[in-house]
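Engineer: Please find the sequence and the predicted model below.
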Amino acid sequence: MRYSSLVSRILMWGIIIFSVFPLVILIISTFMSDTTVVNGIGLKSFMLLSTTNYTILPKGNVINTQFFFQYLFNTIKLCSLTTICVILISTCLAYIFSRVLGVKFKSLSSLLLCAYLFPSIILIFSYYDFFNSMGLTNTFSVLIISNTIFCFPFCTWLLISNFDDVSQLYDRTAIIDGAGHFYFFFKILLRKSIPGLLTIVIFTFVLTWNELAFAKYLITSEKLQVLSVGILESILTQADSSLYTVFATLSIPPLIILVTIYIYAQRIIHQSFIRERKTI
Amino acid sequence: MIISIRSFFVRVIILIFILALITAILGPFIYSLGRSLNTPSGISLSSYKSILQDNIFRISLYNSIIYTICTVIGQLMLGIFCAYMIEKFTLYKRDSMLLLIAFFLPYTIPTAIIVLSWNFLLESNGLFAQFFSLFGIPNSYWKSNYIIVSLIIVSIWAYFPFVFLSLLARIKKIPIATYNSAQLDGANGIRLFFKVTLPVISHTLLIILLLRIAFMFTKFDLPWYFMGNKDFLFNLIPTFIGKRAIYINVENKVIASQNFAIAVTTGVTLLIICILIFIFLNSIIFKKAKYSSK
């Protein structure tokens, strides 16, 4: 079907501009001179488009920024390890809820969502006292554990509905053919739930990447800091606000990495949906 | 069922689940409840009494309710529209991929960058502020008098992709034959949406509504860094808690302040409010599931 009306097309373009415009401004600010950024990126800067307002290349000292690559490496390490932990826990728990506990225990899965009813700032102090008593504060493990605890309830809940969509006929057929528990779980159920698994990978990765409060208040060491906190600290502690453009540039590579991961993952999800619909 | 509960593997997994559940959900609650009841004069509810009599708490609660309602409605409307548009109205695969990327981008941005890029637009000399000054809205209002409005717009922008992705997955599962039959019976675009799509996605929509209310009511980082040290009139409950909970000492370490008891009391109060909303919405979801299974 094509765009059915002019109104839909206008609304669609309006939402696209709304989604993308702030990021376009951020990228353009990278190439603007410091005085333009400090004075404000207003209508005049765009209307005049005079060359004196723009610098051709981004700020050269970005690549030499000491901690940028350390922060980036820490963030990728944190997101990868958290995603692996969340997948391990969520798949097992979702399997228990979907295949082991009966329908009368289904309402227990709603308890998982109660984890998000608590303000995160209070969670931080609870975790801080708990991990401090175990001597884990200011270590990388505390970030992995706290992010895993934060992400796994939602991912488990999401996977439960994915596993429920896989027909129980597969279970019975597998038993008849002599398949064991592990064979059924890894070779049949997980394969059928690949779109759901990809979704929780994306959500966990993005949530952990953007997570600010845990990293800011549970870690004080510079070497262990993550990118979101590093950028925020740089913005907040810089007396000279002309360095905004430097930090805008700092934010672009991670964005490209995330969007690239998402594009490839989304293609797989999309193709699996199409294959699934053709078999209905 | 394929696995008996007597299996050792299953028992170990259930034990892990119980420990994870206690740690993740009950641990912080029990800790906060203990701190909120532990006053200098012993175990009492005096912290709760002082909270309920505090005017700033009431203003913050009111602001939080307005903020939550407006952002959730905005996110749901935008998310539903985008998911429906992508699924129904794009002809070429390339179109839908580009739209997916455009709609998902805001969700991938860290909070610090969201604050930075929207500050560029909303500060006095910013593009949006100057554009809306042509319609009579003073430049400085967006970061002062209208800051809650600015925060609502930023929150809708940042978090509508969550709704969009969740609903897109559900809408994709609706068979095309359902739409074809409805079109053969004379249904136009609007009727197709309200009579075919909306009833099918209503269960998922209620669950997303529940999640979004929980997330936005307890959202801390975006309001905290976007609003900064604004007047108490613009407080939300999470920022009210933050201002009372956090204290940065001379060694630049973050520790609990002397008003921490007030902060945890407010946190527990917020939790009770969220649980009531949760129970109410869950009963609607449960009734709907029971009705649809008949």
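Structural biologist: Received it, and whenever you're ready, just let me know what you need.

Engineer: C-alpha only now, for contacts and for neighbours.
Structural biologist: Noted.

Engineer: Provide a list of residue ranges in the chain with pLDDT below threshold.
Structural biologist: No chain specified, so I'll use chain A. A:1-5, A:30-67, A:102-108, A:110, A:234-260, A:262-263, A:266-280 (pLDDT under 70).

Engineer: could you do chain B instead?
Structural biologist: Checking chain B against pLDDT under 70 turns up B:1-7, B:10, B:18, B:21-22, B:25, B:89-96, B:229-232, B:245-259, B:285-294.

Engineer: quick one, helices of it?
Structural biologist: B:8-21, B:27-37, B:46-53, B:55-89, B:93-108, B:111-122, B:127-133, B:147-172, B:176-184, B:189-191, B:198-217, B:221-227, B:237-245, B:260-293 (DSSP state H).

Engineer: Mind putting those helices into CSV with distance to chain A and mean neighbour count?
Structural biologist: Conversion of the helices of chain B to CSV gives the following (distance: least, Cα to the nearest Cα, whole Å; neighbours: other Cα atoms under 10 Å in any protein chain shown):
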stretch, distance to chain A, mean neighbour count
helix B:8-21, 7, 14
helix B:27-37, 5, 19
helix B:46-53, 16, 15
helix B:55-89, 5, 19
helix B:93-108, 6, 18
helix B:111-122, 5, 22
helix B:127-133, 4, 19
helix B:147-172, 7, 21
helix B:176-184, 9, 12
helix B:189-191, 8, 12
helix B:198-217, 5, 19
helix B:221-227, 7, 19
helix B:237-245, 7, 24
helix B:260-293, 6, 17
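
Engineer: Tell me how many other residues surround the nearest residue to A:T137 once chain neighbours are set aside.
Structural biologist: Spatially, and ignoring its direct neighbours in sequence, A:T137 is nearest to A:F131 (5.7 Å; Cα to Cα, 6 or more residues apart in numbering or on different chains). By the criterion of other Cα atoms under 10 Å in any protein chain shown, A:F131 has 19 neighbours.

Engineer: Now do the phi/psi pair for A:F131.
Structural biologist: Backbone torsions of A:F131, given as degrees, to the nearest 10, read phi -70, psi -30.

Engineer: From the recorded domain assignment, give the ranges for chain A.
Structural biologist: A:1-59, A:61-278 (automatic domain parsing).

Engineer: Return the residues of the stretch 51-200 of chain A in contact with chain B.
Structural biologist: By Cα under 8 Å from any Cα of the partner chain, the residues of the stretch 51-200 of chain A that approach chain B are A:92-93, A:96, A:99-100, A:112-123, A:125-127, A:149-150, A:171-172, A:175, A:181.

Engineer: are any of those buried, and which?
Structural biologist: Buried subset of those (neighbour count, 16 or more other Cα atoms under 10 Å in any protein chain shown): A:92-93, A:96, A:99-100, A:112-123, A:125-127, A:149-150, A:171.

Engineer: any idea how far whatever residue of the stretch 151-294 of chain B ends up closest to chain A is from B:F240?
Structural biologist: Across the stretch 151-294 of chain B, no residue is closer to chain A than B:T218, which sits at 4.7 Å (Cα to the nearest Cα). Computed as Cα to Cα, to the nearest Å, the B:T218 to B:F240 distance reads 11 Å.

Engineer: OK, contacts around A:C155?
Structural biologist: Neighbouring residues of A:C155 by Cα atoms under 8 Å, 6 or more residues apart in numbering or on different chains: A:86, A:90, A:200, A:204.

Engineer: The host helix or strand of the third one versus helix B:147-172: what angle between them?
Structural biologist: With elements delineated by DSSP states H and E, A:I200 resides in helix A:194-210, which encompasses its position. If you take axes from the mean of the first three to the mean of the last three Cα atoms, to 10 degrees, helix A:194-210 sits at 160 degrees to helix B:147-172.

Engineer: circling back: from the residues of the stretch 51-200 of chain A next to chain B, which land in strands?
Structural biologist: Of these, none are assigned to strands by DSSP state E.

Engineer: Just those: which are in helices?
Structural biologist: Using DSSP H, those in helices are A:92-93, A:112-113, A:120-123, A:125-127, A:149-150, A:171-172, A:175, A:181.

Engineer: I figured the residue nearest to A:T137 hits A:F140, correct?
Structural biologist: No - with contact defined as Cα atoms under 8 Å, A:F131 does not reach A:F140; the gap is 11.7 Å.

Engineer: For A:L88, grab the count of nearby residues.
Structural biologist: The local packing of A:L88 (other Cα under 10 Å) involves 12 other residues.

Engineer: ok, and it, which helix or strand is that part of?
Structural biologist: helix A:68-95.
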